[in-house]
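Q: Compute the structure for the input listed below.
(2 chains)
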Amino acid sequence: AQKITQTQPGMFVQEKEAVTLDCTYDTSDPSYGLFWYKQPSSGEMIFLIYQGSYDQQNATEGRYSLNFQKARKSANLVISASQLGDSAMYFCAMRERVQGAQKLVFGQGTRLTINP
Amino acid sequence: DSGVTQTPKHLITATGQRVTLRCSPRSGDLSVYWYQQSLDQGLQFLIQYYNGEERAKGNILERFSAQQFPDLHSELNLSSLELGDSALYFCASSVAGNNEQFFGPGTRLTVL
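A: Residues are numbered from 1 along each chain as shown, chains lettered A, B, ... in the order given. This is a model prediction of the structure:
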């Protein structure tokens, strides 16, 4: 079963608009973490934001915020005032326990294109 | 710059060959993770080491092996390479196993 689902393969947004990238997850573990990473065309994976399952408030990091709706098992990334440099692949990931350790499970990604 | 370094950046080799990918974690990070990113499989967790010991295994083939050395750098060994092993291989590190993972720039492996 898919643990992380990103339903938007691609999104096109005008510069300066806000954009929401969807992510839903599936886990029965009460303790988990959710991450968003950005992968520009150069290939590196850039950590953006983290939300823990017990965090009471939605995480924010500059122009990035995470809309965490625990009951709906969704962790959408919101980018405010988009910039041309935001064009990239965006991956949602969940930290899950395996064999007593932890690993990241990634979604298939959303390709975001910011138009001038 | 995440502070995680990986060498080489690009690697081109032939089927049946063996290669070694190297990773140096961020200063102070004890955990090292290896991931494979391919077009058909997406990003897949391969293996994790913590302070020199293997902690978790994911979808790692038997032809692949890894280790973490006393200075905490890690190597991923890929042998009997096949065309399907062509991918971007990432190393990531974290302070412990329960923290944010910071990724290196990746090694792009092409098997011809």
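
Q: Centre-most residue in chain B?
A: Closest residue to the average C-alpha location of chain B: B:Trp34 at 3.4 Å, with CA atoms, centre = their mean.

Q: Look up the residues forming beta bridges with that one.
A: B:Ile47, B:Cys91 (DSSP bridges).

Q: my read: it touches B:Asn77, true?
A: No - counting by CB atoms under 8 Å, B:Trp34 does not reach B:Asn77; the two are 10.6 Å apart. (Glycine included, C-beta is placed from N, CA and C.)

Q: Now do the shared contacts for those two.
A: B:Ala66 (CB atoms under 8 Å, 6 or more residues apart in numbering or on different chains).

Q: how about low-confidence regions in the chain?
A: Since you didn't name a chain, this refers to chain A. Within chain A, the stretches with pLDDT under 70 are A:1-2, A:98-100.

Q: I was thinking of chain B, sorry if that wasn't clear
A: B:97-98.

Q: which stretches of it form strands?
A: B:5-7, B:10-13, B:19-24, B:31-38, B:42-50, B:53-57, B:64-68, B:74-78, B:87-94, B:102-103, B:107-111 (DSSP state E).

Q: closest to A:Met94 out of those?
A: The closest of those to A:Met94 is strand B:42-50. By CB to CB, the value is 11.3 Å.

Q: Not counting its neighbours along the chain, what's nearest B:Val19?
A: B:Leu78 (5.3 Å; CB to CB, 6 or more residues apart in numbering or on different chains).

Q: Likewise for B:Gln67?
A: B:Glu75 (5.9 Å).

Q: show me what contacts the one you found?
A: B:20-23, B:66-67, B:69.

Q: ok, what's across the strand from it?
A: B:Arg22, B:Gln67.

Q: Can you give me the distance of it to chain A?
A: Here B:Glu75 is placed at a distance of 19 Å from chain A (CB to the nearest CB, to the nearest Å).

Q: and if you look at B:Lys57?
A: For B:Lys57 relative to chain A (CB to the nearest CB), the value is 7 Å.

Q: Settle this for me: that residue is touching B:Ile47, isn't it.
A: Yes - in this structure, B:Lys57 is within contact of B:Ile47 by CB under 8 Å, at 5.3 Å.

Q: Could you check which of these two has the larger neighbour count?
A: B:Ile47 (23 against 15; other CB atoms under 10 Å in any protein chain shown).

Q: give the contact list for the more buried one.
A: The neighbourhood of B:Ile47, defined by CB under 8 Å, 6+ apart, consists of B:33-34, B:54, B:56-58, B:60, B:66, B:76.

Q: how about the residues of chain A that lie near chain B?
A: Neighbours of chain B within chain A, by CB under 8 Å from any CB of the partner chain: A:33, A:35, A:37, A:43-47, A:50, A:91, A:93, A:95, A:98-109.

Q: Report the buried members of those residues.
A: Using 16 or more other CB atoms under 10 Å in any protein chain shown as the burial test, those include A:33, A:35, A:37, A:44-45, A:47, A:50, A:91, A:93, A:95, A:101-109 as buried.
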